[in-house]
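Chemist: Pasting the sequence and the predicted model now:
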Amino acid sequence: MQAPAVGGVSAPRGNGKTIRLPQGASLTDFAEKIGANPASLVAIMMHLGKMVTATQSVDPDDLQALGLELDFDVQVVSPEDEDRALLESFDIEYGEDEGGEEHLQARPPVVTVMGHVDHGKTKLLDAVRHANVQAGEAGGITQHIGAYQVETEVDGEERKITFIDTPGHEAFTAMRARGADTTDLVVLVVAADDGVKPQTTEAIDHATAAGVPIVVAVNKIDVEGADPNKVRAQLTEYGLVAEEFGGQTMFVDVSAKQGTNIDGLLEAIILAADAELELKANPDMPAQGSAIEAHLDKGRGAVATVLVQRGTLRVGDSIVCGVANGRVRAMLDENGNNVEEAGPSRPVLVLGLAAVPGAGDNFLVVDDDRVARQIADKRVARKRNAELLRSRKSSSLEELFKDFQQGKREELLLILKGDVSGSVEALEDSLLKIDVGDEVSLRIIRRGVGAITQDDVNLSLASEEGAVIIGFNVRPERNAQEIADREGVDIRYYSVIYQAIEEIEAALKGMLKPEFEEVQLGTAEIREIFKVPRIGNVAGSMVTSGHIQRNAKARLVRDGVVVADNLTVSSLRRFKEDATEVREGFECGIGVGFNDIKLGDVIECFEMREKPRD
């Protein structure tokens, strides 16, 4: 039935009919549901005092107000409900139903290690798996997450434990919380010489909210001033009462540095899991689980560390994980060995995905590649529809600061790109927690993994308020950099998460007046590698832009990702002669004090110049 809706604009009346719309729906989506012309809905929204285009994402409250005006009951569906309906349309159930008790078998416990920074979480994990993961981390802070499985002997029986390796600093609260959600048991690391700290209580809150038992590892018992009993006394205030004090919580004194009592900790984990949990899963159903981490590998494409939670994942299975789909070409364990199948609680690195999934995305095995592709395509379309594509020239952070001062700017838009999905998610969570009052706000319109692409730059140019692109341990593709330079798109690069948080917070507060700025001098592509005694590897390079200058700062970029930062051009030679600088189009030998260089790598040379204050 067609009737005048508002201000003489004709639109169908709903007579109380219910329509369901996804979050981020546009007026075009609304019009398709009710058989109306999108232009008529735009006119009605204008009458209601809202300036909205037909293809723009509309706030749920505004959708419901429009529904009331047209006598429709508008229900905005959550992403979870929408995804559940999508899977049901393919007759797929994702959930806890694993069949009868006769199908269930015991599975290893999944453990997350939590605690305050510098209390030894990473060293404890090193001691458990006999590998050093801290050496390659920026600032000594764990920036990425993974998972691995270890074996231990308890009462003469070989038992397995799966560890989820979560980052260990305040900025990664979201990843730690997600780790607890996928975890059966938490190991809380507390330093015997330092006691309970803010992040210790934060970890307890996460574990308690997830409803998982806690085993306390009192670390650094070999350090002077260590007092394990003081730690036990402090934790009683948080409901963690040691067994020797008449409580239920197991405390284990360890030294990660010395490797003391690691076996005792593993035994305590098994005993706690056996006593408090009944860990069973059905290994005979199609595999389901979660992606722990994912990134784009130059040689292998999209790879994801997944934790199988029920069923068995096999090579050749068709899977869909978030917006990614594919066929499992190969699976690797934590030691890089090929695995043919992975049962419940087994973490494996999966190769064969067509795209990079997000950390925490659920994965499931489906009947064939066609179904997986259809599900992924629908999810991609939903994600794309939620991104705001509006037309406006981009701005730099400095211009945003001036606009803030003059009262012109109310919202800062960001596009986040990083080397792994966990880092991007943690950065997003930290940025969204910045609170500088009601005058200004921050909105992230896209996040992704991999090098900054031309599409990212185009989105920045198209967004209404002008989006700033944040690159975390990644660099732009060549054509993307050229367009950004030509159009004035502001791209910021960071390798430590807190620098990004501080700078964005300064911009939001209207205090961004950096004393120094990075000025790129030139780039050189490595064509040959020469080994020089007592010096190491020297890069035989062709200068492809600008000039390379001796003693200037440098970074090494491989396939768009920063491999090494904070380098210095320590030696620069043309043939056999030392040179102070080499310009574009000439060959030279470059030494940067970093031996892990490969053919095709790019050396970026830059300097920090003092920037005059306004």
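Modeler: Looks like it arrived, so ask away. Residues are numbered from 1 along each chain as shown.
Chemist: hey, let's count contacts and neighbours off CA atoms from now on
Modeler: Noted.
Chemist: any low-confidence regions in the stretch 351-500 of the chain?
Modeler: Counting by pLDDT under 70, the ranges of the stretch 351-500 of the chain that qualify are 384-410, 436-439, 464-465.
Chemist: what about the helices in it?
Modeler: Listed in chain order, the helices of the stretch 351-500 of the chain (DSSP state H, counting those that start in this stretch) span 369-386, 397-405, 421-432, 454-462, 478-487, 497-508.
Chemist: Can you tell me, leaving aside adjacent residues, what's nearest to the spatially most central residue of the chain?
Modeler: Central residue of the chain (C-alpha atoms, centre = their mean): residue 422, 2.3 Å from the mean position. Spatial nearest neighbour of residue 422, chain neighbours left out: residue 359 (5.4 Å); criterion: C-alpha to C-alpha, 6 or more residues apart in numbering.
Chemist: Number of residues surrounding that neighbour?
Modeler: 27 (other C-alpha atoms under 10 Å).
Chemist: my read: it touches residue 421, true?
Modeler: Yes - the criterion here is C-alpha atoms under 8 Å, and residue 359 meets it with residue 421 at 5.5 Å.
Chemist: anything in contact with each of those two?
Modeler: 293, 294 (C-alpha atoms under 8 Å, 6 or more residues apart in numbering).
Chemist: could you list every residue that touches the residue nearest to residue 422?
Modeler: 291, 292, 293, 294, 421, 422, 425.
Chemist: My guess is the fifth one contacts residue 296. True?
Modeler: No - counting by C-alpha under 8 Å, residue 421 does not reach residue 296; the two are 9.6 Å apart.
Chemist: Would you indicate which residues of stretch 266-277 are buried?
Modeler: Using 16 or more other C-alpha atoms under 10 Å as the test for burial, stretch 266-277 gives 266, 267, 268, 269, 270, 272, 273.
Chemist: my bad, should have said stretch 500-507
Modeler: Applying 16+ other C-alpha under 10 Å to stretch 500-507 flags 500, 501, 503, 504, 505, 506, 507 as buried.
Chemist: How far off centre is that stretch?
Modeler: Here the centre of stretch 500-507 is set off from its chain's centre by 19 Å, with C-alpha atoms, centre = their mean, to the nearest Å.
Chemist: One more: stretch 476-495?
Modeler: Distance of stretch 476-495 from its chain centroid, counting by C-alpha atoms, centre = their mean, is 21 Å.
Chemist: Compute the first-to-last residue distance for it.
Modeler: 14 Å (C-alpha to C-alpha, to the nearest Å).
Chemist: low pLDDT regions in the stretch 51-200 of the chain?
Modeler: Ranges of the stretch 51-200 of the chain meeting pLDDT under 70: 78-80, 94-99, 131-145, 166-181.
Chemist: Send me stretch 44-56 as CSV with only the CA atoms.
Modeler: Presented in CSV, the C-alpha positions along stretch 44-56 are these (Å, rounded to 0.1, in the frame of the first residue of the first chain):
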residue,chain,number,x,y,z
ILE,A,44,12.1,11.6,4.7
MET,A,45,15.4,11.5,6.6
MET,A,46,15.9,15.2,5.7
HIS,A,47,12.5,16.0,7.0
LEU,A,48,13.5,14.2,10.2
GLY,A,49,16.5,16.5,10.4
LYS,A,50,19.1,13.9,9.3
MET,A,51,21.4,14.5,6.3
VAL,A,52,22.0,11.0,4.9
THR,A,53,22.9,9.8,1.4
ALA,A,54,21.3,6.7,-0.1
THR,A,55,24.5,4.6,0.1
GLN,A,56,25.8,5.8,3.5
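Chemist: Just give me the neighbour total for residue 239.
Modeler: For residue 239, using other C-alpha under 10 Å, the count is 12.
Chemist: One more: residue 575?
Modeler: Residues near residue 575, counting by other C-alpha under 10 Å, number 10.
Chemist: same check, this time on residue 580
Modeler: Here the count is done by other C-alpha under 10 Å, and residue 580 has 12 residues near it.
Chemist: Next, it: phi, psi?
Modeler: phi -90, psi -30 (degrees, to the nearest 10).
Chemist: repeat for residue 43
Modeler: phi -70, psi -40.
Chemist: What distance do you get for it to residue 73?
Modeler: From residue 43 to residue 73 the distance is 20 Å (C-alpha to C-alpha).
Chemist: Ok, residue 38 next?
Modeler: Separation of residue 38 from residue 73 (C-alpha to C-alpha): 18 Å.
Chemist: what does residue 101 give?
Modeler: For residue 101, the distance to residue 73 - C-alpha to C-alpha - is 43 Å.
Chemist: So between the two, which is more surrounded?
Modeler: Using other C-alpha under 10 Å, the more surrounded residue of residue 101 and residue 73 is residue 73, with 20 against 10.
Chemist: for the more buried one, helix, strand, or coil?
Modeler: Residue 73 carries the three-state label strand when classified by DSSP: H, G, I helix; E, B strand; the rest coil.
Chemist: ok, the closest residue to it other than its chain neighbours - contacts?
Modeler: Leaving out its chain neighbours, the residue that sits closest to residue 73 by C-alpha to C-alpha, 6+ apart is residue 18, at 4.5 Å. Counting by C-alpha under 8 Å, 6+ apart, residue 18 touches 72, 73, 74, 75.
Chemist: what are the phi and psi values for residue 18?
Modeler: phi -90, psi 130.
Chemist: mind checking pLDDT for it?
Modeler: According to the prediction, residue 18 has pLDDT 88.
Chemist: Can you show me the helices along the stretch 151-300 of the chain?
Modeler: Using DSSP H, counting those that start in this stretch, the helices of the stretch 151-300 of the chain run over residues 173-181, 198-210, 228-235, 262-276.
Chemist: can you tell me which of those comes nearest to residue 430?
Modeler: helix 173-181 (8.2 Å; C-alpha to C-alpha).
Chemist: who does the nearest residue to residue 265 once chain neighbours are set aside bridge with?
Modeler: Leaving aside its sequence neighbours, residue 265 sits nearest to residue 252 (C-alpha to C-alpha, 6+ apart; 6.0 Å). Going by DSSP bridges, residue 252 is paired in beta bridges with residue 217.
Chemist: Next, count neighbours for residue 252.
Modeler: Residues lying near residue 252 (other C-alpha under 10 Å) number 21.
Chemist: For it, give me its contacts.
Modeler: Neighbour list for residue 252: 215, 216, 217, 218, 261, 264, 265, 268 [criterion: C-alpha under 8 Å, 6+ apart].
Chemist: What is the nearest of the residues you listed to residue 60?
Modeler: For the contacts of residue 252, the nearest to residue 60 is residue 215 (43.1 Å; C-alpha to C-alpha).
Chemist: can you tell me how far residue 155 sits from residue 252?
Modeler: Counting by C-alpha to C-alpha - residue 155 and residue 252 are separated by 18 Å.
Chemist: My error: substitute residue 567 in the last question.
Modeler: On the measure of C-alpha to C-alpha, residue 567 and residue 252 end up 42 Å apart.
Chemist: How about residue 93?
Modeler: Distance of residue 93 to residue 252, given as C-alpha to C-alpha: 41 Å.
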